[in-house]
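Asker: Can you look at this prediction? I've put the sequence above it.
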Amino acid sequence: MNKIIVIGGGPAGMLAAVSASKENTEVILLEKNDRLGKKLFITGKGRCNITNSADKDVIMKNIMSNPKFMFSALDAFDNHDICRLLEEHGCKVKEERGGRIFPVSDHSSDVIKALSKMLDEKKVKVRLNSEVKSIDANEDGFEVAVKGGKKLDCDAVILTTGGISYPATGSTGDGFGFAGKLGHSLKECVPSLVPLETKQLWCRDLQGLSLKNTGLKMYSGGKLIYEDFGEMLFTHFGISGPMVLSASSYYHKRKSDDCKVLLDLKPALSDDELDDRLLREIAENHEKHFINMLPSLLPAKMVPVIASLSGIEEHKKCCDIKKEERRELVRILKNLEIDITGTRGYDEAIITKGGISVKEVSPKTMMSKLIPGLFIAGEVLDLDALTGGFNLQIAWSTGFLAGKSCCEYLDEIKGE
């Protein structure tokens, strides 16, 4: 009988264990935590953005690092496959804005329950509180040492330990160390899909303010590197929110330390249309102070900040506002400039950018090109994508393909 050990009980690991299981194969899933899917449980603010309904070409465009590596994995197991599999095991799904797929219940625990049912059906031996300390390859396969002195022999290993983001969930980069000792090289790791820190102190004054329907452009060295439209949030250190998290992926690709974000607070209006709007506001409030006109244009929390940045004296009567001052206000509302000084750390990052080099892994099987019988899947690889369910799809697809290929590999070498 073939024996496979899967290391890591996240989305990639659970699906790898399911797809690796068949009659002549014993599959053991080792998880260092006291339960499976600990990081999966908190994804999507506890709702779990399972995947995205987009076509394959759109999914590929949303993969930031090594998208071509994902061709075979997506062919083997795509977004429709994971939705079908979950629904077959009791987790109904729904589609929301931007093609995002969530469980109907809005509870990530239902996704984990469905995956647990699959593991039970396939008779996978799940061992919790089993922290792996080392992986050694030998003539007969592999020896996996577990904390407490236990050593397990197996024919093949599937490594799905995740990255470094949210280390409190057990994602502490163990897999990078295991792979490195086995001869694999690593691409530099950085926190990604992560909030951005800013130079402007007024961002702190806006802490907690959420903006919807806002335009965002990110520039590096004066060159536009990212553009988006959607939601964002001001924090005590800078900016966050869905489109800011996606922008952080492009921040890592910048060619200059001179990085700025320009916010368009009135994206539905052109500069001239906004100027006409201001003229109407001034006419309607001609005897009011400038500061008292702004609430009709902005959230209350932004009023003192924009008033200060405009350079217009707060208590100046609207009828006394000059054309040049009005034009400057238009510029600020359409191009609110924020200097980016860096990102937050792994504690706040959704994913890890970087990891095990995909050049050393077969994209058709997920097997290591250096160590036969070692399969690698999920976030531990140098693969990352934008927000919207794309990163979990990477985990599902690579995990499924790794498990399937592992079985086929063992059957082939053993002549079964």
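Answerer: Happy to help now that I have it.
Asker: quick one: buried residues of the host helix or strand of Leu278?
Answerer: Per DSSP states H and E, Leu278 falls inside helix 271-284. For helix 271-284, the neighbour count (16 or more other CB atoms under 10 Å) marks 274-275, 277-278, 281-282 as buried. Yep, even glycine has a C-beta here, placed from its N, CA and C like the rest.
Asker: Assign a three-state SS to the spatially most distant residue from the centre of the chain, would you?
Answerer: Most distant from the centre of the chain: Glu287, at 50.0 Å, with distances by CA atoms, centre = their mean. Of the three states, Glu287 takes coil under DSSP: H, G, I helix; E, B strand; the rest coil.
Asker: measure it to Met367 for me?
Answerer: Distance, Glu287 to Met367, by CB to CB, to the nearest Å: 76 Å.
Asker: Hmm, Ser249 is touching Met64, no?
Answerer: Yes. Here Ser249 lies in contact with Met64, judged by CB atoms under 8 Å, at a distance of 4.9 Å.
Asker: shared neighbours of these two, which are they?
Answerer: Contact criterion CB atoms under 8 Å, 6 or more residues apart in numbering; residues bridging Ser249 and Met64 by contacting each: 192, 353, 384, 386.
Asker: What about those, which one has the most neighbours?
Answerer: Compared across the shared contacts of Ser249 and Met64, Ser192 has the highest neighbour count, 28 neighbours, by other CB atoms under 10 Å.
Asker: Which residue is the nearest non-sequential neighbour of it?
Answerer: Lys353 (3.7 Å; CB to CB, 6 or more residues apart in numbering).
Asker: give me the beta-bridge partners of that neighbour?
Answerer: For Lys353, the beta-bridge partners are Val190 (DSSP bridges).
Asker: quick one: it and Ile164 touch, right?
Answerer: No. Using CB under 8 Å, Lys353 is not in contact with Ile164; the gap is 10.0 Å.
Asker: which neighbours do the two share?
Answerer: The contact sets of Lys353 and Ile164 overlap at 189, 191 (CB under 8 Å, 6+ apart).
Asker: hmm, back to that, tell me who's in contact with the residue nearest to Ser192.
Answerer: Contacts of Lys353 by CB under 8 Å, 6+ apart are 64-65, 189-192, 249, 252, 384.
Asker: try 6 Å
Answerer: Applying CB atoms under 6 Å, 6 or more residues apart in numbering to Lys353 gives the contacts 190, 192, 252, 384.
Asker: on that earlier part again, what's the closest of the shared contacts of Ser249 and Met64 to Leu265?
Answerer: Of all the shared contacts of Ser249 and Met64, Leu386 has the smallest distance to Leu265: 23.2 Å, by CB to CB.
Asker: so where's the stretch 301-416 of the chain uncertain?
Answerer: Where the stretch 301-416 of the chain drops to pLDDT under 70, the residues are 416.
Asker: do the same with the chain
Answerer: Scanning the chain with the threshold set as pLDDT under 70 gives 416.
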